[in-house]
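**Q** only geometry, no sequence info:
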């Protein structure tokens, strides 16, 4: 059971917009900790997609954007492409106990 | 550009100790990076194990803290993971990662390719 909750799967047709939610609580996202997002293509290493809620590393297309509000965050992908089919993970920090980096359970994006 | 490469046994016996090393190239382990271990069981999500700074300061996942030790070897520009008393639930791909973030949550800018470790007799 992940501390951050993501939908197991989302899907969309090419060209469409999809969003992936990441729901936390008052000890992580709600405690004003930032959220990062990673993309993991099948059989590959996770790649940093969004950091600090809404910042894109160099080379990440502006089709990808992030937002955060309250105890939740979202990743939006516009102009969906076949190459976007991957698993997506959110990450934040939880200050329960001695504190820990935490990941969401992951969301599998299918491009129809 | 920092490059990371994990190495270690791919098979560990139950109740044994899992030992992995992450070699750092393209940069110094004494730079202002935090060096982490993350694992991913087959078909499942990511789990943060812990991190170390070159000073030796460490932070661990509370759920694994009693079994985990992360250390750094500056002379070899590498850091290591030891996970004791392993069971089948520790079977996973183990990644090493690097973060230049000062504050939590630290985003992982660089990742190793990952190494599969199976716990089985």
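**A** Nice, thanks for sending it over. Just so we're clear, the structure is a prediction, and the values are computed from it rather than from any experiment.

**Q** tell me the phi and psi of residue A:48?
**A** Main-chain dihedrals, residue A:48, degrees, to the nearest 10: phi -70, psi 130.

**Q** can you name the residues bridging to it?
**A** Beta-bridge pairing for residue A:48 (DSSP bridges): residue A:38.

**Q** which residues of chain A fall in strands?
**A** Counting by DSSP state E, chain A forms strands over residues A:9-12, A:18-23, A:36-40, A:47-50, A:64-69, A:72-77, A:86-94, A:100-103, A:107-111, given from the N-terminal end onward.

**Q** who in chain A is up against chain B?
**A** If contacts are counted using C-beta under 8 Å from any C-beta of the partner chain, the residues of chain A sitting beside chain B are A:2, A:33-36, A:38, A:45-48, A:51-52, A:57, A:89, A:91-93, A:96-106. All C-beta atoms are positioned from the backbone trio N, CA, C, and that covers glycine.

**Q** can you select the buried ones from the residues you listed in PyMOL?
**A** For selection in PyMOL, the members of the residues of chain A next to chain B meeting the burial criterion (16 or more other C-beta atoms under 10 Å in any protein chain shown) are listed in this command:
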select buried, chain A and resi 2+33+34+35+36+38+45+46+47+48+51+89+91+92+93+99+100+101+102+103+104+105+106
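
**Q** before we move on, back to that, out of the strands of chain A, nearest to residue B:27?
**A** Smallest distance to residue B:27 across the strands of chain A (C-beta to C-beta): 16.7 Å, for strand A:47-50.

**Q** what ranges do the strands span in chain B?
**A** With strands called from DSSP E, chain B shows them at B:3-7, B:11-12, B:18-25, B:34-40, B:47-52, B:58-60, B:68-73, B:78-83, B:92-99, B:110-111, B:115-119.

**Q** need the ones you listed in JSON lines with mean neighbour count and mean pLDDT, can you?
**A** What follows is the strands of chain B, written out as JSON lines (neighbours: other C-beta atoms under 10 Å in any protein chain shown; pLDDT from 0 to 100):
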{"stretch": "strand B:3-7", "mean neighbour count": "17", "mean pLDDT": "97"}
{"stretch": "strand B:11-12", "mean neighbour count": "17", "mean pLDDT": "98"}
{"stretch": "strand B:18-25", "mean neighbour count": "20", "mean pLDDT": "98"}
{"stretch": "strand B:34-40", "mean neighbour count": "24", "mean pLDDT": "97"}
{"stretch": "strand B:47-52", "mean neighbour count": "23", "mean pLDDT": "97"}
{"stretch": "strand B:58-60", "mean neighbour count": "19", "mean pLDDT": "96"}
{"stretch": "strand B:68-73", "mean neighbour count": "17", "mean pLDDT": "97"}
{"stretch": "strand B:78-83", "mean neighbour count": "21", "mean pLDDT": "98"}
{"stretch": "strand B:92-99", "mean neighbour count": "23", "mean pLDDT": "97"}
{"stretch": "strand B:110-111", "mean neighbour count": "22", "mean pLDDT": "96"}
{"stretch": "strand B:115-119", "mean neighbour count": "17", "mean pLDDT": "98"}
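
**Q** bridging residues for the spatially most central residue of chain B?
**A** Chain B has residue B:37 as the residue nearest its centroid, 2.5 Å off, counting by C-alpha atoms, centre = their mean. For residue B:37, the beta-bridge partners are residue B:50, residue B:96 (DSSP bridges).
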